[in-house]
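Asks: Got a sequence here, can you model it:
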Amino acid sequence: MGRSRRPDVNNKQCESPSPPACRDLDSKRSDPPPRYIPGRLRIMAQPMGTTMRHKLADNLKRFRDRIHGACARSGRRVEDVKVVAVTKTVEADVIRAAIETGLTDLGESRVQDLIKRASMVHEHLSRRRKIEPADTPPEPRWHMAGHLQRNKVRLLLPWVHTVHSLDSLRLAEEIGAEATRIGKTVPALVQVNVASEKSKHGIAVGATSHFAENISNMPGLSVVGLMTMAPLEADPESTRPHFSRLREVLEDMRTEGQLGPDFQQLSMGMSHDFEVAVEEGATMIRVGTALFDGVV
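Replies: Residues are numbered from 1 along each chain as shown. So this is what the prediction gives:
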């Protein structure tokens, strides 16, 4: 009898101590050895990431087509409408993919979520910039779109670019003082409760001009416009009077010359009503579902 065949110790497929893994070398099975299953799972996961990016790209194309249509109907330039992608419902890989598509303005409605995501994105881009500086997208600008409490201002300001929810004198004072302390000026929009909804924050329409004038010269704070959240309506057309009213308030304040030349932003419109908002003069729209539907 001849000597039994010994497995080749240099063959990496035989590194497993399990005898069946080595006997499979002489078999005609097409399945890979068990040790390669994790690798196979990683290969399967790659198309899922590709699918996510394709879906995001498709959403973004349809979204931009709708903005083009709204601008065409109202005689506006697409370049005058800034998209703030609200990322509160998506994971980190979707945020990174969104940045890759050219979305450079990101928004959150909760302070802790903004800080967490902004720091994660900053760390990711910093590492990537060391490896491939020419191909790394720029740091996104983070927008605080939700209600802001005064005790969260100090945590928020190092990460935020623009605050959309300025709704009290004490909050304005807190932002101005903290911004001055860290050596920055924070662009901010006055939140106006156009629909007079009790469930929402914001300055009353009649008090908006006086409020904005009182805070216009605060150090560390630059009042750049107005923001509103329209009621959630089944028919987006029902939101038009609210958006139109906010535009009128901004135009009246600009005519009175109370604030500087930077006071020109209208942050209004979300996924269900942004087309109406654009037609009524929105310069910033805050959208999440319209961009990320089906991606998460």
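
Asks: Sticking with Gly281, tell me its helix or strand.
Replies: For Gly281, there is no helix or strand it lies in under DSSP states H and E.

Asks: Number of residues surrounding it?
Replies: 19 (other C-beta atoms under 10 Å). Just so you know, the C-beta spots here come from the backbone N, C-alpha and C atoms, and that holds for glycine as well.

Asks: which regions of the protein sit below the pLDDT cut-off?
Replies: Residue ranges of the chain with pLDDT under 70: 1-48, 296.

Asks: those strands in it, which residues are they?
Replies: 82-86, 105-108, 141-144, 162-166, 186-191, 221-227, 265-267, 284-287 (DSSP state E).

Asks: Give me the buried positions along the shortest one.
Replies: The reference is to strand 265-267. For strand 265-267, the neighbour count (16 or more other C-beta atoms under 10 Å) marks Gln265, Leu266, Ser267 as buried.

Asks: now, among those residues, which is nearest to Gln149?
Replies: Here the nearest of those to Gln149, counting by C-beta to C-beta, is Ser267; it sits at 19.6 Å.

Asks: my read: the closest one touches Ala282, true?
Replies: Yes: here Ser267 reaches Ala282: they are 7.2 Å apart, a contact under C-beta atoms under 8 Å.

Asks: how close does the spatially most central residue of the chain sit to Val163?
Replies: In the chain, the centroid-proximal residue (C-alpha atoms, centre = their mean) is Leu106; its distance is 2.7 Å. Separation of Leu106 from Val163 (C-beta to C-beta, to the nearest Å): 14 Å.

Asks: what is in contact with those two at once?
Replies: Common contacts of Leu106 and Val163, defined by C-beta atoms under 8 Å, 6 or more residues apart in numbering, comprise His143.

Asks: quick one: the helices in this structure?
Replies: Listed in chain order, the helices of the chain (DSSP state H) span 19-23, 37-74, 92-100, 111-131, 153-156, 169-182, 208-215, 240-256, 274-279, 289-292.

Asks: Determine which stretch of these is the most buried.
Replies: helix 274-279 (a mean of 24; mean count of other C-beta atoms under 10 Å).

Asks: So which residues make contact with that helix?
Replies: By C-beta under 8 Å, 6+ apart, helix 274-279 touches 66-67, 69-71, 73-74, 76, 81, 230, 236-237, 239-240, 243, 268-269, 282, 285, 287, 290.

Asks: repeat for stretch 59-71
Replies: Under C-beta under 8 Å, 6+ apart, the answer for stretch 59-71 is 76-78, 80-81, 83, 101, 103, 274-276, 278-279, 285, 287, 290-295.

Asks: what do you get for stretch 199-206?
Replies: 147, 165, 167, 190-194, 196, 211, 228-229, 245, 249.

Asks: Let's see that with 7 Å instead.
Replies: Residues from elsewhere that reach stretch 199-206, judged by C-beta atoms under 7 Å, 6 or more residues apart in numbering: 147, 165, 167, 190-194, 211, 228-229, 245, 249.

Asks: Figure out how far that stretch is from the centre of its chain.
Replies: 24 Å (C-alpha atoms, centre = their mean, to the nearest Å).

Asks: Now do the end-to-end distance for that stretch.
Replies: 18 Å (C-alpha to C-alpha, to the nearest Å).

Asks: Report the buried residues of that stretch.
Replies: Lys200, Gly202, Ile203, Val205.

Asks: hmm, back to that, buried ones only from the contacts of stretch 199-206, please, as a PyMOL command.
Replies: Remark: buried members of the contacts of stretch 199-206, expressed as a PyMOL selection using 16+ other C-beta under 10 Å:
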select buried, resi 147+165+167+190+191+192+193+194+211+228+229+245+249
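
Asks: could I get the contacts of stretch 199-206 as a markdown table with distance to Arg154?
Replies: Output for those, formatted as a markdown table (distance: C-beta to C-beta, whole Å):
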| residue | distance to Arg154 |
| --- | --- |
| His147 | 17 |
| Ser165 | 17 |
| Asp167 | 18 |
| Val190 | 21 |
| Gln191 | 20 |
| Val192 | 26 |
| Asn193 | 26 |
| Val194 | 30 |
| Phe211 | 23 |
| Thr228 | 27 |
| Met229 | 25 |
| Arg245 | 34 |
| Val249 | 31 |
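
Asks: Of the contacts of stretch 199-206, which is the nearest to Glu256?
Replies: Once C-beta to C-beta is applied, the member of the contacts of stretch 199-206 that ends up nearest Glu256 is Val249, at 10.9 Å.
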